[in-house]
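Novice: okay, sequence plus prediction incoming.
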Amino acid sequence: MRENHLPTLWNSGGAAVNGWLAIPNSFATETMAHQGWDALTVDMQHGVVDYQAMVTMLQAISTTDTVPVVRVPWLEPGILMKTLDAGAYAVICPMVNTREDAQKLVAWTSYAPRGTRSFGPVRALLYGGADYPQHANDTIVRFAMIETAQALDNLDDILSVEGLDAVYIGPSDLSLSLGCKPTMDDLEPKAAQAVDHILARAKAHGLVAGIHNTSPESALARIAKGFQFVTVSSDARLIAAGAQQVMAKMRAAKAPPTGASY
């Protein structure tokens, strides 16, 4: 079966740099995949990506060694199973708030006897290989998103679920749940303390911790703290930022000289 490079990287002590995909287009995804990201996450929770677009995006990622990840819309068995059948090698599941939620996530993404995933890896066989069914349970990476006050209250119960591989922090939702302004990098003290607590408890349970960032500087600072999966921006944000830089230079160059009169 094709290797999942994320556990290999983590086991060596490294951190994965993840890009975010919000544009439902295979060429945009292929362009991102060829830039050297360790992983790319197709976001089906927020934005405009539907299932069929996701499949073409996973096909585009397959032209490289980048690990294909999908954030599913919600904790729901059908979309989790179809996402894995399409060839995702990791899933990020939003709003995992209880131990029962985490148990469902593991069960619905694992074949029997470990779980209840239905058998039908149509594209996963093409991507992973003919022996995919024998190795999928141990190859797929399962991220539970920790992003609410309820999840914080149940954190150790969630992290102790067998088969869960990692947690992913959504700083904006976590901040909102704690009564703070929704940001990703410069968090208010209460939210920042919660992030540090989640990281510490994940490490204590032997799980990888991931988090969303908007800049390389924030991502690097969080790697230094011990995060091993850091998202840095998205395809849409990178396009906007690049276009803004070009237009700022063009407008500055076209501005009339000081003191000019007409």
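Specialist: It's in. These numbers come from a predicted model, not from an experiment. Numbering: from 1, shown residues only.

Novice: residue nearest the centroid of the protein?
Specialist: Geometric centre of the chain, nearest residue: T41, 5.0 Å, by C-alpha atoms, centre = their mean.

Novice: could you check how far that residue is from I211?
Specialist: 13 Å (C-beta to C-beta, to the nearest Å). Bear in mind the C-beta positions are built from the backbone N, C-alpha and C, glycine included.

Novice: contacting residues around the residue nearest to the centre of the chain?
Specialist: By C-beta atoms under 8 Å, 6 or more residues apart in numbering, the residues touching T41 are N18, G19, W20, L21, V69, V70, R71, I92, T231.

Novice: what mean pLDDT does the one helix or strand it maps to get?
Specialist: Using DSSP states H and E, T41 maps to strand 39-43. For strand 39-43, mean pLDDT rounds to 98.

Novice: any buried residues in it, and which?
Specialist: Of the residues in strand 39-43, A39, L40, T41, V42, D43 count as buried by neighbour count, 16 or more other C-beta atoms under 10 Å.

Novice: now these as JSON lines including distance to I198?
Specialist: Listed next are the buried residues of strand 39-43 as JSON lines, based on distance: C-beta to C-beta, whole Å:
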{"residue": "A39", "distance to I198": "20"}
{"residue": "L40", "distance to I198": "23"}
{"residue": "T41", "distance to I198": "19"}
{"residue": "V42", "distance to I198": "24"}
{"residue": "D43", "distance to I198": "21"}
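
Novice: still on that earlier bit, for the residue nearest to the centre of the chain, which residues make a bridge with it?
Specialist: In this structure, T41 bridges to W20, V69 when assessed by DSSP bridges.

Novice: just for the stretch 1-150 of the chain, where's the confidence low?
Specialist: Along the stretch 1-150 of the chain, no part satisfies pLDDT under 70.

Novice: swap in the stretch 151-262 of the chain?
Specialist: Applying pLDDT under 70 to the stretch 151-262 of the chain picks out residues 256-262.

Novice: now do the SS call for T231.
Specialist: Using DSSP: H, G, I helix; E, B strand; the rest coil, the structure places T231 in strand.

Novice: quick one, what contacts it?
Specialist: N18, G19, W20, T41, G210, I211, H212, N213, A219.

Novice: how does it look with 7 Å?
Specialist: Contacts for T231 (C-beta atoms under 7 Å, 6 or more residues apart in numbering) come out as N18, W20, T41, H212, N213.

Novice: whichever of the residues you listed end up buried, select them in ChimeraX.
Specialist: This is how ChimeraX selects the buried members of the contacts of T231, with burial counted by 16+ other C-beta under 10 Å:
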select :18,20,41,212,213
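
Novice: farthest-separated two in the contacts of T231?
Specialist: The widest separation within the contacts of T231, taken as C-beta to C-beta, falls between T41 and N213 and amounts to 12.8 Å.

Novice: what is the neighbour count of A33?
Specialist: A33 has 23 neighbours, counted by other C-beta atoms under 10 Å.
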